[in-house]
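just coords:
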């Protein structure tokens, strides 16, 4: 492939991703007219129209969509290979964009950040903390911390820590006033703090285990939140009963700020993983980060 042909493909990717000749031209630091001529040259060489152009928008044709699906991962692989070769023999450097569920971040990443920054000062971690699952490749993330049940099949996944266990907790003051539920069905007579997945309309149903099977209970109470830390804080302040994981609540239980209940109905489940697309492993910074997690996990 000649250099001009590769430049045409890069121009195609820029327009497809930006959805605009003007924005793509700015990203490539060329004029919109020059970029338009480059795309016309590519379409002429392939003898197919790649974009539908109107005065308001630019959209991919069927041929353009097919080319984008095959071309984007191939170019990313080439760029990763070049970056990998350039970093050989040098200190790992660059930016890693990471997505993490808040609990996973607090349990497995937050305690390691200072050590990682000290050991690898030239690697910048760009963290997004969000409990909403995202399409990592579409959103441009290099890696993510997420629950095992939410792993995508085409991702490489590395377990972080052991399995987790559900945990039902309330403050000692709440228990003194209202007592403890003896079975999950008793929760309907208690004040429960609901948590809602970001982007979902209905609160998360609490999951329990009995006789080899899982079942869910929809609870009710005075508060619904979309932040797990806020849920625990509300439980500490006596608002009601909360449903969380034992590893996160353990310090508060040891301090006596929370007490557990329904322990015999709570079972272990698949915990958190660090996952990443296969091509991202070629980045020296990513390999360094993965090895660090393995050593310190």
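Done, it's in. Everything quoted here is computed from the prediction, not taken from an experiment.

for residue 288, see how far away residue 294 is.
Counting by CB to CB, to the nearest Å, the gap between residue 294 and residue 288 amounts to 11 Å. For every residue, glycine as well, the C-beta is placed using N, CA and C.

between the two, who's got more neighbours?
residue 288 (21 against 11; other CB atoms under 10 Å).

the more buried one is in what secondary structure piece?
Taking DSSP states H and E as the definition, residue 288 sits inside helix 284-296.

list the buried ones in that helix?
Neighbour-count burial for helix 284-296, counted by 16 or more other CB atoms under 10 Å, picks out 284-286, 288-290, 292-293.

next: stretch 193-202.
Counting neighbours by 16+ other CB under 10 Å, stretch 193-202 gives 193-195 as buried.

ok, those residues vs residue 202, which is closest?
Nearest to residue 202 out of the buried residues of stretch 193-202 is residue 194 (CB to CB; 9.2 Å).

let's verify the closest one: helix, strand, or coil?
For residue 194, the secondary-structure state derived from DSSP: H, G, I helix; E, B strand; the rest coil is strand.

phi first, then psi, for the residue nearest to it when sequence neighbours are not counted.
Spatial nearest neighbour of residue 194, excluding adjacent residues (CB to CB, 6 or more residues apart in numbering): residue 203 at 3.8 Å. Phi and psi for residue 203, reported as degrees, to the nearest 10, are phi -60, psi 160.

tally of neighbours for residue 203?
Neighbours around residue 203, by other CB under 10 Å: 19.

for it, give its distance to residue 191.
Taken as CB to CB, the span from residue 203 to residue 191 is 14 Å.

same deal with residue 170?
9 Å.

surely the residue nearest to residue 194 and residue 195 touch.
Yes: contact criterion CB atoms under 8 Å: residue 203 and residue 195 qualify, at 6.4 Å.

now the common contact residues for the two.
residue 224 (CB atoms under 8 Å, 6 or more residues apart in numbering).
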